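In: Would you be able to build a 3D model of this:
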Amino acid sequence: MKASPADQQQLLRLQSIDTRLQQLAHRLRSLPQTAELTSLGERDGAVRARRAEAVGALEDARSELGRIESDVEVVEKRIARDSDRLTHTSSMKDVAALESELTSLRKRLSDLEDQELVVMEKVESAEAHVGDVDAERADIAADVARLEGERDEAAGGLATERDGAERDRTAIAGTVPGDLLAFYEQRRARGGGVGAALLQQRTCGGCTITLTGSDLEAVRKAAPDEVVQCPECDRILVRTDESGL
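Out: Residues are numbered from 1 along each chain as shown. Model (predicted):
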């Protein structure tokens, strides 16, 4: 491929901007807030799981309390019914039976009320636990909001810098012949983001290998408008007065 030395040197300017854009992209991905937000997300996931367990325990306690309250209501109604029947009967046999049943019912009611108190405490404890977990999630949410604000502020500055670099890249790329630009982009894609490198003192700026022997002789003999490549990394070698040829 042929390209004027001036056009080839434009590739170095283009490469410098592309390297800068890569660095900016890396910095955007590597903002410290990003790692902290990821950690908070994992922590929030664990807290959500704990909340689900806590809510399950609360619902179980409330269901148990509901069953006891229902049993209490049934026993209270039976006591009221038997008490009413007791006031309206004159049969000693019925009186004895009713009094015996009322004694049993009152014992049952007392036991249920004791159970009710225990389960009510269990419900209160479960509600407090859910509240504690919700407070922890609220703290996490506050930290997330703060970090997102810091991240967005930092990212905004980097994005502004990136936008400026992209405008510069577009301007410089517009001065490079299409076939040379396409070849550079191809080399850049294969070369880990580096498509062109300065040959300085016979050393490739892309892979840092120093040309010797036949490789060096081939580059020396190449015409100034010949696009040469590094024999080691295959990137475009841009020759200047610094090349040591």
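In: Now do the helices in the protein.
Out: 5-29, 32-87, 92-173, 178-190, 213-221 (DSSP state H).
In: Tabulate those helices in CSV, adding columns for distance to residue 207 and mean pLDDT.
Out: Bear in mind the C-beta positions are built from the backbone N, C-alpha and C, glycine included. CSV is the format used below for the helices of the chain (distance: least, C-beta to C-beta, whole Å; pLDDT from 0 to 100):
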stretch, distance to residue 207, mean pLDDT
helix 5-29, 14, 94
helix 32-87, 31, 94
helix 92-173, 23, 93
helix 178-190, 12, 95
helix 213-221, 12, 93
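In: Tell me which of those approaches residue 235 most closely.
Out: Closest of the helices of the chain to residue 235 is helix 178-190, at 5.4 Å (criterion: C-beta to C-beta).
In: Show me the contact partners of that closest one.
Out: 1, 3, 7-8, 11, 14-15, 18, 173, 176, 194-196, 227, 229, 234-236 (C-beta atoms under 8 Å, 6 or more residues apart in numbering).
In: ok, 7 Å please
Out: 1, 3, 7, 11, 14, 18, 173, 194-196, 227, 234-236 (C-beta atoms under 7 Å, 6 or more residues apart in numbering).
In: again, but for stretch 67-82
Out: Stretch 67-82 is contacted from outside by 98, 101, 102, 105, 106, 108, 109, 112, 113, 115, 116, 119, using C-beta under 7 Å, 6+ apart.
In: Tell me which two in those residues are the farthest apart.
Out: Across the contacts of stretch 67-82, no pair lies farther apart than 98 and 119, at 30.3 Å, counting by C-beta to C-beta.
In: hang on, the earlier thing: now, the most widely separated pair of the contacts of helix 178-190?
Out: Greatest spatial distance among these (C-beta to C-beta): 173 and 234, at 21.1 Å.
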